[in-house]
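**Q** predicted model and sequence below, questions to follow.
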Amino acid sequence: MKFINLCLSIPNLDTIFFYIIFVITIPGILFSSGDYETLKFYLPALVMAAVTLTEAGKPDLFVNLYPTDCSGNVTFSGFMSSNLINGLAIVGILIQSLSLAAATSSITLGLISGLIMFAITFPMAQQILPYFIRETDYTFRTLSSGNMNFPGNWHMYLSGIIFSIVLLMTEYILLIAFTKYILSTNIQLI
(Lines give C-alpha, C1' and ligand atoms only; values in the text may rest on other atoms or scores of the structure.)
Protein backbone atom coordinates (compact mmCIF):
# COMPACT_ATOMS: atom_id res chain seq x y z
CA MET A 1 0.00 0.00 0.00
CA LYS A 2 2.96 2.31 0.61
CA PHE A 3 4.03 1.97 -3.04
CA ILE A 4 0.59 3.04 -4.27
CA ASN A 5 0.59 6.02 -1.91
CA LEU A 6 4.08 6.94 -3.11
CA CYS A 7 2.97 6.68 -6.74
CA LEU A 8 -0.03 8.87 -6.04
CA SER A 9 2.07 11.51 -4.29
CA ILE A 10 4.86 11.67 -6.92
CA PRO A 11 3.37 12.29 -10.37
CA ASN A 12 4.32 9.82 -13.12
CA LEU A 13 6.46 7.65 -10.82
CA ASP A 14 4.68 4.55 -12.12
CA THR A 15 5.38 5.59 -15.70
CA ILE A 16 9.03 6.21 -14.85
CA PHE A 17 9.29 2.70 -13.36
CA PHE A 18 7.72 1.24 -16.52
CA TYR A 19 10.27 3.02 -18.70
CA ILE A 20 13.22 2.03 -16.51
CA ILE A 21 12.22 -1.65 -16.47
CA PHE A 22 10.45 -2.31 -19.78
CA VAL A 23 11.86 0.32 -22.14
CA ILE A 24 15.46 0.62 -20.97
CA THR A 25 16.53 -2.42 -18.94
CA ILE A 26 14.91 -5.35 -20.78
CA PRO A 27 15.71 -4.12 -24.32
CA GLY A 28 19.23 -3.28 -23.10
CA ILE A 29 19.70 -6.82 -21.82
CA LEU A 30 18.30 -8.30 -25.04
CA PHE A 31 20.48 -6.03 -27.18
CA SER A 32 23.67 -6.65 -25.19
CA SER A 33 23.12 -10.43 -25.23
CA GLY A 34 22.60 -10.34 -29.01
CA ASP A 35 19.07 -11.72 -28.82
CA TYR A 36 17.70 -9.63 -31.67
CA GLU A 37 14.97 -12.15 -32.51
CA THR A 38 13.30 -11.63 -29.16
CA LEU A 39 13.90 -7.88 -29.26
CA LYS A 40 12.05 -7.38 -32.54
CA PHE A 41 8.98 -9.16 -31.14
CA TYR A 42 9.33 -7.56 -27.70
CA LEU A 43 9.13 -3.96 -28.95
CA PRO A 44 5.63 -4.29 -30.47
CA ALA A 45 4.50 -6.18 -27.35
CA LEU A 46 5.27 -3.02 -25.33
CA VAL A 47 2.06 -1.52 -26.68
CA MET A 48 0.03 -4.39 -25.23
CA ALA A 49 1.79 -4.14 -21.87
CA ALA A 50 1.28 -0.38 -21.71
CA VAL A 51 -2.40 -0.63 -22.69
CA THR A 52 -2.98 -3.33 -20.06
CA LEU A 53 -1.30 -1.33 -17.30
CA THR A 54 -3.08 1.89 -18.26
CA GLU A 55 -6.54 0.34 -18.51
CA ALA A 56 -6.25 -1.80 -15.39
CA GLY A 57 -4.60 0.95 -13.35
CA LYS A 58 -7.34 3.53 -13.90
CA PRO A 59 -8.05 5.93 -12.25
CA ASP A 60 -4.95 6.05 -10.03
CA LEU A 61 -2.05 4.18 -11.62
CA PHE A 62 -0.42 4.43 -15.05
CA VAL A 63 -2.85 7.11 -16.28
CA ASN A 64 -0.10 8.87 -18.27
CA LEU A 65 1.62 5.74 -19.56
CA TYR A 66 -0.50 5.05 -22.64
CA PRO A 67 -3.69 7.10 -22.66
CA THR A 68 -6.00 5.85 -25.41
CA ASP A 69 -8.95 8.13 -24.72
CA CYS A 70 -9.62 10.76 -27.35
CA SER A 71 -11.35 12.98 -24.84
CA GLY A 72 -8.80 15.78 -25.00
CA ASN A 73 -7.77 15.21 -21.36
CA VAL A 74 -4.44 13.72 -22.39
CA THR A 75 -1.51 15.44 -20.73
CA PHE A 76 1.73 16.27 -22.48
CA SER A 77 3.55 13.48 -20.62
CA GLY A 78 0.83 11.01 -21.67
CA PHE A 79 1.09 12.17 -25.27
CA MET A 80 4.89 11.81 -25.27
CA SER A 81 4.77 8.44 -23.52
CA SER A 82 2.27 6.88 -25.91
CA ASN A 83 4.10 8.20 -28.96
CA LEU A 84 7.46 6.94 -27.67
CA ILE A 85 5.99 3.47 -27.11
CA ASN A 86 4.36 3.59 -30.56
CA GLY A 87 7.69 4.60 -32.10
CA LEU A 88 9.49 1.69 -30.45
CA ALA A 89 6.77 -0.69 -31.67
CA ILE A 90 7.12 0.63 -35.22
CA VAL A 91 10.90 0.16 -35.05
CA GLY A 92 10.35 -3.46 -33.98
CA ILE A 93 7.88 -4.06 -36.81
CA LEU A 94 10.23 -2.50 -39.37
CA ILE A 95 13.20 -4.54 -38.15
CA GLN A 96 11.13 -7.75 -38.36
CA SER A 97 9.77 -6.94 -41.82
CA LEU A 98 13.05 -5.81 -43.33
CA SER A 99 15.11 -8.64 -41.86
CA LEU A 100 12.58 -11.22 -43.06
CA ALA A 101 12.49 -9.68 -46.53
CA ALA A 102 16.29 -9.65 -46.70
CA ALA A 103 16.68 -13.20 -45.36
CA THR A 104 14.14 -14.72 -47.77
CA SER A 105 14.66 -12.34 -50.72
CA SER A 106 10.91 -11.84 -50.75
CA ILE A 107 9.61 -8.30 -50.43
CA THR A 108 6.09 -9.76 -50.41
CA LEU A 109 6.85 -11.80 -47.29
CA GLY A 110 8.35 -8.75 -45.56
CA LEU A 111 5.30 -6.67 -46.46
CA ILE A 112 2.80 -9.30 -45.29
CA SER A 113 4.64 -9.87 -42.01
CA GLY A 114 4.74 -6.12 -41.38
CA LEU A 115 1.02 -5.79 -42.07
CA ILE A 116 0.16 -8.69 -39.73
CA MET A 117 2.28 -7.28 -36.91
CA PHE A 118 0.94 -3.76 -37.45
CA ALA A 119 -2.70 -4.93 -37.47
CA ILE A 120 -2.31 -6.85 -34.24
CA THR A 121 -0.09 -4.32 -32.47
CA PHE A 122 -2.05 -1.17 -33.14
CA PRO A 123 -5.76 -1.56 -33.92
CA MET A 124 -6.29 -4.76 -31.95
CA ALA A 125 -4.12 -3.86 -28.96
CA GLN A 126 -5.35 -0.28 -28.77
CA GLN A 127 -9.06 -0.93 -29.28
CA ILE A 128 -9.95 -4.54 -28.53
CA LEU A 129 -7.61 -5.09 -25.56
CA PRO A 130 -9.06 -2.22 -23.44
CA TYR A 131 -12.57 -3.36 -24.35
CA PHE A 132 -11.75 -6.91 -23.25
CA ILE A 133 -10.32 -5.66 -19.94
CA ARG A 134 -13.38 -3.49 -19.26
CA GLU A 135 -15.76 -6.35 -20.09
CA THR A 136 -13.85 -8.71 -17.81
CA ASP A 137 -14.13 -6.15 -15.01
CA TYR A 138 -17.86 -5.75 -15.66
CA THR A 139 -18.37 -9.53 -15.68
CA PHE A 140 -16.45 -10.04 -12.45
CA ARG A 141 -18.33 -7.26 -10.71
CA THR A 142 -21.70 -8.49 -12.04
CA LEU A 143 -21.07 -12.09 -10.97
CA SER A 144 -20.14 -10.97 -7.49
CA SER A 145 -23.25 -8.72 -7.37
CA GLY A 146 -21.11 -5.90 -6.02
CA ASN A 147 -20.50 -7.84 -2.79
CA MET A 148 -16.88 -8.60 -3.55
CA ASN A 149 -14.03 -6.13 -3.57
CA PHE A 150 -11.16 -6.79 -5.96
CA PRO A 151 -8.07 -5.26 -4.36
CA GLY A 152 -5.65 -3.75 -6.80
CA ASN A 153 -7.72 -4.69 -9.86
CA TRP A 154 -5.81 -7.97 -10.15
CA HIS A 155 -8.52 -9.42 -12.38
CA MET A 156 -8.09 -6.61 -14.89
CA TYR A 157 -4.31 -7.02 -15.00
CA LEU A 158 -4.66 -10.79 -15.37
CA SER A 159 -7.23 -10.54 -18.17
CA GLY A 160 -5.02 -8.02 -19.99
CA ILE A 161 -2.01 -10.31 -19.74
CA ILE A 162 -4.00 -13.33 -20.91
CA PHE A 163 -5.50 -11.48 -23.88
CA SER A 164 -2.06 -10.03 -24.76
CA ILE A 165 -0.65 -13.56 -24.82
CA VAL A 166 -3.53 -14.63 -27.07
CA LEU A 167 -2.80 -11.72 -29.42
CA LEU A 168 0.93 -12.56 -29.51
CA MET A 169 0.20 -16.24 -30.19
CA THR A 170 -2.19 -15.26 -32.98
CA GLU A 171 0.46 -13.01 -34.47
CA TYR A 172 3.08 -15.75 -34.28
CA ILE A 173 0.80 -18.38 -35.85
CA LEU A 174 -0.18 -16.02 -38.68
CA LEU A 175 3.46 -15.13 -39.33
CA ILE A 176 4.50 -18.79 -39.49
CA ALA A 177 1.53 -19.77 -41.67
CA PHE A 178 2.00 -16.92 -44.15
CA THR A 179 5.76 -17.46 -44.26
CA LYS A 180 5.33 -21.14 -45.16
CA TYR A 181 2.59 -20.37 -47.69
CA ILE A 182 4.42 -17.55 -49.45
CA LEU A 183 7.73 -19.41 -49.56
CA SER A 184 6.12 -22.65 -50.81
CA THR A 185 4.09 -20.98 -53.56
CA ASN A 186 6.72 -18.33 -54.38
CA ILE A 187 4.10 -15.54 -54.60
CA GLN A 188 5.55 -12.24 -55.76
CA LEU A 189 3.24 -9.26 -55.33
CA ILE A 190 6.02 -6.75 -55.75
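**A** Happy to help now that I have it.
**Q** so how many other residues sit close to the residue nearest to Asn73 when sequence neighbours are not counted?
**A** Take Asn73 and drop its neighbours on the chain: the residue closest to it by Cβ to Cβ, 6 or more residues apart in numbering is Pro67, 7.9 Å away. C-beta here means a position set from N, CA and C on the backbone, and glycine is covered the same way. Counted with other Cβ atoms under 10 Å, residues neighbouring Pro67 total 21.
**Q** the residue most central in space within the chain and Thr185, how far apart?
**A** The centroid of the chain falls nearest to Met48 when counting by Cα atoms, centre = their mean (1.8 Å). Distance, Met48 to Thr185, using Cβ to Cβ, to the nearest Å: 31 Å.
**Q** quick one: secondary structure of Pro67?
**A** Classification of Pro67 using DSSP: H, G, I helix; E, B strand; the rest coil returns coil.
**Q** quick check on it: phi, psi?
**A** phi -70, psi 130 (degrees, to the nearest 10).
**Q** what residues sit buried inside the helix or strand harbouring Tyr131?
**A** For Tyr131, the element it lies in under DSSP states H and E is helix 129-143. Neighbour-count burial for helix 129-143, counted by 16 or more other Cβ atoms under 10 Å, picks out Leu129, Pro130, Phe132, Ile133, Thr136, Asp137, Phe140.
**Q** I'd like these as JSON lines, with distance to Leu53 appended.
**A** Formatted as JSON lines, these follow (distance: Cβ to Cβ, whole Å):
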{"residue": "Leu129", "distance to Leu53": "11"}
{"residue": "Pro130", "distance to Leu53": "11"}
{"residue": "Phe132", "distance to Leu53": "14"}
{"residue": "Ile133", "distance to Leu53": "10"}
{"residue": "Thr136", "distance to Leu53": "15"}
{"residue": "Asp137", "distance to Leu53": "14"}
{"residue": "Phe140", "distance to Leu53": "18"}
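**Q** how about CSV for those residues, with distance to Thr38 and pLDDT added?
**A** As requested, those are exported to CSV (distance: Cβ to Cβ, whole Å; pLDDT from 0 to 100):
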residue, distance to Thr38, pLDDT
Leu129, 21, 93
Pro130, 26, 92
Phe132, 25, 93
Ile133, 25, 92
Thr136, 28, 90
Asp137, 31, 87
Phe140, 33, 82
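**Q** ok, so of the residues you listed, who is nearest Pro59?
**A** Nearest to Pro59 among these: Asp137, at 12.7 Å, using Cβ to Cβ.
**Q** how close does that closest one get to Ser159?
**A** 8 Å.
**Q** and what of Gly110?
**A** On the measure of Cβ to Cβ, Gly110 and Ser159 end up 33 Å apart.
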